[in-house]
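Participant: 3D model of this:
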Amino acid sequence: MTEKDTILKQTLSEIKAQVAAGRSRTRPDAPEGEALGKEFWQNARMVMPSSKTSVHLRVDSDVFEWFKNQGSGHLTRMNAVLRSYVEAHKNAP
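Facilitator: Below you'll find the predicted structure:
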């Protein structure tokens with residue numbers, strides 16, 4: 001399976017229909033995100049994903065377990081935290 005095979009684009013109404021029909025893996029009690037508003041979209045920027053590098057990384061067990069307990073996608077979330085750190089420190093002396 002390639003990355004393209006795992007990417008789905010659906011409208012909110014399509015997702016709600018799947019949830020109502022019991023065909024979604026989304027938790028029924030998952031909260032809806034707040035509306036972002038026009039200002040968010042006016043300042044939004046497109047960020048194309050860069051290529052990934054596979055690494056063996058040793059992290060503290062409790063850190064890994066915390067991310068893993070948040071559900072599927074824990075490695076993606078760990079990468080997002082690292083990305084945020086890099087972005088925040090890029091221009092540091």
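Participant: Run through this protein and note the low-pLDDT ranges.
Facilitator: 1-7, 26 (pLDDT under 70).
Participant: Buried residues, the lengthiest helix in it. List them.
Facilitator: Of all segments of type helix in the chain, defined using DSSP state H, the longest is helix 74-89. For helix 74-89, a neighbour-count test (16 or more other C-beta atoms under 10 Å) marks Met78 as buried. The way it works is simple: take the backbone N, C-alpha and C, and place the C-beta from them, glycine included.
Participant: Same question for stretch 60-69.
Facilitator: In stretch 60-69, counting by 16+ other C-beta under 10 Å, buried: Phe67.
Participant: who's in contact with it?
Facilitator: Residues outside stretch 60-69 that contact it (C-beta atoms under 8 Å, 6 or more residues apart in numbering) are 74-75, 77-78.
Participant: what's the offset of that stretch from the middle of its chain?
Facilitator: Put simply, stretch 60-69 sits 17 Å off its chain's centre (C-alpha atoms, centre = their mean, to the nearest Å).
Participant: now swap in stretch 68-83 and tell me
Facilitator: 8 Å.
Participant: cool, stretch 75-90 as well?
Facilitator: The chain centroid and the centroid of stretch 75-90 are separated by 12 Å under C-alpha atoms, centre = their mean.
Participant: Kindly report the same for stretch 33-43.
Facilitator: The answer for stretch 33-43 is 18 Å, by C-alpha atoms, centre = their mean.
Participant: what number of residues lie near Gln10?
Facilitator: Applying other C-beta atoms under 10 Å, we find 11 residues neighbouring Gln10.
Participant: wait, what's in contact with it?
Facilitator: Gln10 neighbours (C-beta under 8 Å, 6+ apart): Gln18.
Participant: Using the three-state scheme, assign it.
Facilitator: Secondary structure, DSSP: H, G, I helix; E, B strand; the rest coil: Gln10 is coil.
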